[in-house]
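1. Pasting the sequence and the predicted coordinates here, then a few questions.
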Amino acid sequence: MLHDVFTMRKLKARPRVFRNGRIVLESVSVAQAALGRKLKPKNKVHHLNGDDHDNRPANLLICEDQAYHLLLHQRVRAYRASGHAHYRKCARCKQWDDPAKMRYHSRTPNRTTPLYVHRDCAVQHLRERAKLQKARR
């Protein structure tokens, strides 16, 4: 580690360092040192093995923005659950499947992330909803 950096480590918190009088995430400091310049404000640092305490340069990936960083996390979850990084989780039955076999809803009023639903699950949900509405009348 650089001689002008003091590292603070806590058991659960992500490691931070004091650099030039400011507190910075240790991963950001290591990435900047490896890159040889400061990161852009939109850049995010991703830990390839998922361990926030493993700040070796070989374990860090600099993402261009938060959207790309979140995409990496989503693809890792999909790969671990299904063996396919491009699969998505059905919002109804919670099964992982190929997005080509699912309906895509870009956004709903209270949600900012896209929803994927199997066609059969969507039809079943609509039927159940219609039954409830009919029973209320």
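-> Arrived safely.

2. can we go C-alpha only for contacts and neighbour counts from here?
-> OK.

3. How about H105, nearest residue that isn't a chain neighbour?
-> Excluding the flanking residues, the one nearest H105 by Cα to Cα, 6 or more residues apart in numbering is L115, at 5.1 Å.

4. for that neighbour, phi and psi?
-> The phi/psi pair for L115 (degrees, to the nearest 10) reads phi -110, psi 140.

5. Report the mean per-residue pLDDT for the helix or strand hosting S29.
-> Using DSSP states H and E, the element containing S29 is helix 26-35. For helix 26-35, mean pLDDT rounds to 91.

6. Remind me what that helix packs against, helices and strands.
-> Packing partners of helix 26-35 (3 or more Cα pairs under 8 Å, 6 or more residues apart in numbering; DSSP states H and E): strand 16-19, strand 44-47, strand 60-63.

7. buried residues in it?
-> Within helix 26-35, the residues scored as buried using 16 or more other Cα atoms under 10 Å are E26, S27, V28, S29, V30, A31, Q32.

8. what do you get for stretch 79-86?
-> For stretch 79-86, by 16+ other Cα under 10 Å, it's Y79, S82, H84, A85, H86.

9. From P99, how far off is the fourth one?
-> Put plainly, it is A85. 11 Å (Cα to Cα, to the nearest Å).

10. Who are the contact partners of I62?
-> Contact analysis of I62 by Cα atoms under 8 Å, 6 or more residues apart in numbering lists A31, N43, K44, V45, H46.

11. Find the helix or strand that A135 is a member of.
-> Using DSSP H and E, the element containing A135 is helix 119-136.

12. now that helix: mean pLDDT?
-> 89.

13. hey, C-alpha coordinates of it in PDB?
-> Extracted in PDB, the C-alpha atoms of helix 119-136 (Å, rounded to 0.1, in the frame of the first residue of the first chain):
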ATOM      1  CA  ARG A 119     -46.100 -15.700 -20.200                       C
ATOM      2  CA  ASP A 120     -47.900 -18.500 -18.400                       C
ATOM      3  CA  CYS A 121     -47.300 -16.800 -15.000                       C
ATOM      4  CA  ALA A 122     -48.600 -13.500 -16.400                       C
ATOM      5  CA  VAL A 123     -51.800 -15.200 -17.700                       C
ATOM      6  CA  GLN A 124     -52.300 -17.100 -14.400                       C
ATOM      7  CA  HIS A 125     -51.900 -13.800 -12.500                       C
ATOM      8  CA  LEU A 126     -54.400 -12.000 -14.700                       C
ATOM      9  CA  ARG A 127     -57.000 -14.900 -14.100                       C
ATOM     10  CA  GLU A 128     -56.500 -14.800 -10.400                       C
ATOM     11  CA  ARG A 129     -56.900 -11.000 -10.400                       C
ATOM     12  CA  ALA A 130     -60.100 -11.200 -12.400                       C
ATOM     13  CA  LYS A 131     -61.500 -13.800 -10.000                       C
ATOM     14  CA  LEU A 132     -60.700 -11.500  -7.000                       C
ATOM     15  CA  GLN A 133     -62.400  -8.600  -8.700                       C
ATOM     16  CA  LYS A 134     -65.400 -10.700  -9.600                       C
ATOM     17  CA  ALA A 135     -65.700 -11.900  -6.000                       C
ATOM     18  CA  ARG A 136     -65.700  -8.400  -4.700                       C
END
